[in-house]
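Peer 1: need a 3D model of the sequence below.
(4 chains)
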There are 2 protein chains.
Amino acid sequence: MNEEKGPLARAEAEEYASWFKALADATRIQIVSLLARRRAPMSVGEIVAASGVGQSTVSHHLKILAEVRFVLVERQATSSLYRINEACVSCFPTAADVVMGKPVPAAPTCE
Amino acid sequence: MNEEKGPLARAEAEEYASWFKALADATRIQIVSLLARRRAPMSVGEIVAASGVGQSTVSHHLKILAEVRFVLVERQATSSLYRINEACVSCFPTAADVVMGKPVPAAPTCE
DNA sequence: ATCGTTAATCGACGATAGTCGATGAAGGGA
DNA sequence: TCCCTTCATCGACTATCGTCGATTAACGAT
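Peer 2: From the prediction side, this is the model:
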């Protein structure tokens, strides 16, 4: 479907890369996997206890995951509850999408 | 299917991350997309001409892509011909795989 | 109002990664 | 044999990233 002769535009390549960057870290993979196993939303403190890294580190990774809408946050009174965004999981690009030239899915779209 | 209570093992998380790391760079996305659009294998020189970065940089990225078997190389007399590894494209993990706790696909498996 | 809890932000540090230019190795042709 | 082409590797530089400890902000409870 995508039949331009030149390489992929740089801007589009960077959009694609930003998706994969979100899962290109072992700690973030652990956090995502953790949120998926618990069905219920988790507070930052629970994630910190289960992941074995510092609180500021967890907060940092959650921010990155939230920026691509991979996780959703619901601010409660004293704590923040994070959960997997199922819609974003399914719109996350695959390697086949890159190869087949599928347009980059927009992050804000899946919410 | 994966019902352990703790977080994903660190080693497995890093294996997953190494997959996504391979596509977590705009230049590599461009190279992959380029190889996919040309049906035929491409020499390094052709990729350099089309990608707009230096020859050593292209060579470096091709090495990374080859390490996860995403591209295959066939050394000819004077040049090296790179092409997409279709098998590896389809075994490349998706975000849903991570969420669903699917075991990490082994890179050497798809060849 | 004060204190304690929870989480986001800040600043710093070390490690990793991307890029380049230069060099080196392997092969083909004159 | 010598040169030229092609690509991989090396060394250096810079930018980005992951992590931590400390600080700050928001909120509840006493």
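Peer 1: going forward, measure contacts between C-alpha atoms and count neighbours the same way
Peer 2: Will do.
Peer 1: quick check, residue A:72 in a strand?
Peer 2: Yes - in this structure, residue A:72 lies within a strand as judged by DSSP: H, G, I helix; E, B strand; the rest coil.
Peer 1: show me the contacts for it.
Peer 2: Residue A:72 makes contacts with A:66, A:82-85, as judged by C-alpha atoms under 8 Å, 6 or more residues apart in numbering or on different chains.
Peer 1: show me what it is bridged to.
Peer 2: Judged by DSSP bridges, the bridge partners of residue A:72 are residue A:83.
Peer 1: rewinding a little: ranking the contacts of residue A:72 by neighbours, who comes first?
Peer 2: The most crowded member of the contacts of residue A:72 is residue A:84, carrying 27 neighbours; neighbours defined as other C-alpha atoms under 10 Å in any protein chain shown.
Peer 1: who touches residue A:8 in this structure?
Peer 2: Taking C-alpha under 8 Å, 6+ apart as the contact definition, residue A:8 lies against B:30, B:33-34.
Peer 1: mind running it again at 6 Å?
Peer 2: Contacts for residue A:8 (C-alpha atoms under 6 Å, 6 or more residues apart in numbering or on different chains) come out as residue B:30.
Peer 1: so which helix or strand takes in residue A:53?
Peer 2: Assigning secondary structure by DSSP states H and E places residue A:53 outside every helix and strand.
Peer 1: quick one: it from chain B, how far?
Peer 2: In this structure, residue A:53 lies at 12 Å from chain B, with C-alpha to the nearest C-alpha, to the nearest Å as the measure.
Peer 1: what's the neighbour count on that residue?
Peer 2: So residue A:53, with other C-alpha under 10 Å, has 12 neighbours.
Peer 1: picking that back up, which one of the contacts of residue A:72 sits closest to DNA strand C?
Peer 2: Distance ranking of these against DNA strand C, using C-alpha to the nearest atom of the strand, places residue A:82 first at 8.1 Å.
Peer 1: my read: residue A:25 touches residue B:16, true?
Peer 2: No - when contacts are counted by C-alpha atoms under 6 Å, residue A:25 is not listed as touching residue B:16 (8.4 Å).
Peer 1: keeping just the C-alphas, turn stretch A:66-85 into CSV.
Peer 2: Output in CSV follows, covering the C-alpha atoms of stretch A:66-85 (Å, rounded to 0.1, in the frame of the first residue of the first chain):
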residue,chain,number,x,y,z
ALA,A,66,1.5,7.1,30.1
GLU,A,67,2.9,9.4,27.4
VAL,A,68,2.2,6.8,24.7
ARG,A,69,-1.1,6.0,26.5
PHE,A,70,0.1,2.5,27.2
VAL,A,71,-1.0,2.9,30.8
LEU,A,72,-3.8,5.1,32.1
VAL,A,73,-3.7,7.0,35.4
GLU,A,74,-6.5,7.8,37.7
ARG,A,75,-5.5,10.3,40.4
GLN,A,76,-7.2,9.5,43.6
ALA,A,77,-7.0,11.4,46.8
THR,A,78,-3.6,10.4,48.0
SER,A,79,-2.5,8.0,45.5
SER,A,80,-2.3,7.5,41.7
LEU,A,81,-3.8,4.3,40.3
TYR,A,82,-2.3,3.0,37.1
ARG,A,83,-3.7,0.4,34.8
ILE,A,84,-3.1,-1.0,31.3
ASN,A,85,-4.8,0.7,28.4
